[in-house]
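> A predicted structure for the sequence below; I have some questions about it.
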Amino acid sequence: MYVETIFCENMGPIAKAVIKAGFTPEGNPKPIVLVGKNGSGKSIMLSNVVDALHEIGDQAFSNITKKSHNGHKYLKIASGSQIRVGKTSLCGFVSFIDENKKRLEYIYTWGGITNNDVKSSFNSIGLPPPVIRIDSDSGKAVTNDVERVRKAFRSSVLTYFPAYRYELPDWLGEGYAFAQERKYDERHYKDELDCRIIVSR
């Protein structure tokens, strides 16, 4: 299973961005490299891919997402705080191609986006619109095909190395391990400042 398309609109610093993966004539994926300044949205784009893997995989496997008494805990929390300044809605989309060249899709919207809005936005940049449909004006939807998902995940290698940071992203759901496991080698920080530079009242 390979990433086919990553689409973000009005998400954090990103006005609109599309990554359409390239493939060799043999069908092997070409590398995707994200380059940009700090705060330009690279991690946001990757967060959509990682969340897509969690949300798609959750329908077929019981140990992909963290569990609670109300169901699974979301890796990426849907929130209006992620909307680009000056805008009222956002949309994120990721599609994967399985070994049979069929798409597995994920869409994440917030702020009154309709299926027609999504279709119009995709048409404006020459992308085929998603097959999946959103049921409400905010939330997530994924391809619903347990057998295809199970086969794709079992036959593929899925790896994610989280970026450890001083400040965790606001979209990160509670209980995800990499949020708690930031370990630093104290030898590199022996000259730490014992007080904060900025203290809020």
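Here it is on my side, so go on.

> Please report the residue range of the longest helix in the chain.
Using DSSP state H to define each element, the chain has its longest helix at helix 42-58.

> so how far is Lys66 from Ile6?
24 Å (CB to CB, to the nearest Å). In short, each C-beta sits where N, CA and C put it, glycine included.

> Name the residue in the two with the higher neighbour count.
Ile6 (21 against 15; other CB atoms under 10 Å).

> Surely the more buried one is in a strand?
Yes - secondary structure of Ile6 (DSSP: H, G, I helix; E, B strand; the rest coil): part of a strand.

> Give the closest residue to it in space, chain neighbours not counted.
Nearest residue to Ile6, sequence neighbours excluded (CB to CB, 6 or more residues apart in numbering): Ile19, at 4.3 Å.

> residues contacting the residue most central in space within the chain?
The centroid of the chain falls nearest to Asn48 when counting by CA atoms, centre = their mean (1.0 Å). By CB atoms under 8 Å, 6 or more residues apart in numbering, the contact list for Asn48 reads 6, 8, 11, 76, 92-94, 106, 108.

> list the contacts for Arg103?
4, 95-97, 131, 143.

> quick one: which of these is nearest to His54?
Phe96 (12.9 Å; CB to CB).

> and that closest one, what helix or strand is that in?
Secondary-structure assignment from DSSP states H and E places Phe96 in strand 90-97.

> what are the ranges of the helices in this protein?
42-58, 115-124, 146-155, 177-180.

> Of all these, which one is nearest Val35?
Judging these by CB to CB, what sits closest to Val35 is helix 42-58, at 7.8 Å.

> count of neighbours near the residue nearest to Ile6?
Burial of Ile19 is recorded as 16 neighbouring residues (other CB under 10 Å).

> From Ser138, how far out is it?
24 Å.

> Okay, angle between the longest helix of the chain and helix 146-155 too, please.
120 degrees (axes from the mean of the first three to the mean of the last three CA atoms, to 10 degrees).

> Please enumerate the strands of this structure.
When assigned using DSSP state E, the strands of the chain occupy the ranges 2-11, 14-20, 67-68, 71-72, 90-97, 103-110, 139-142.

> So which of the ones you listed is nearest Asn28?
Smallest distance to Asn28 across the strands of the chain (CB to CB): 8.5 Å, for strand 2-11.

> Can I get that closest one in PDB? Just the C-alpha atoms.
The C-alpha trace of strand 2-11 is given here as PDB (Å, rounded to 0.1, in the frame of the first residue of the first chain):
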ATOM      1  CA  TYR A   2       1.400   3.300  -1.000                       C
ATOM      2  CA  VAL A   3       0.500   7.000  -0.600                       C
ATOM      3  CA  GLU A   4      -1.200   8.300  -3.700                       C
ATOM      4  CA  THR A   5      -2.400  11.800  -2.800                       C
ATOM      5  CA  ILE A   6      -2.000  14.200   0.100                       C
ATOM      6  CA  PHE A   7      -4.300  17.300   0.100                       C
ATOM      7  CA  CYS A   8      -4.600  20.100   2.700                       C
ATOM      8  CA  GLU A   9      -6.600  23.200   2.500                       C
ATOM      9  CA  ASN A  10      -6.800  26.000   5.100                       C
ATOM     10  CA  MET A  11      -5.000  23.800   7.700                       C
END
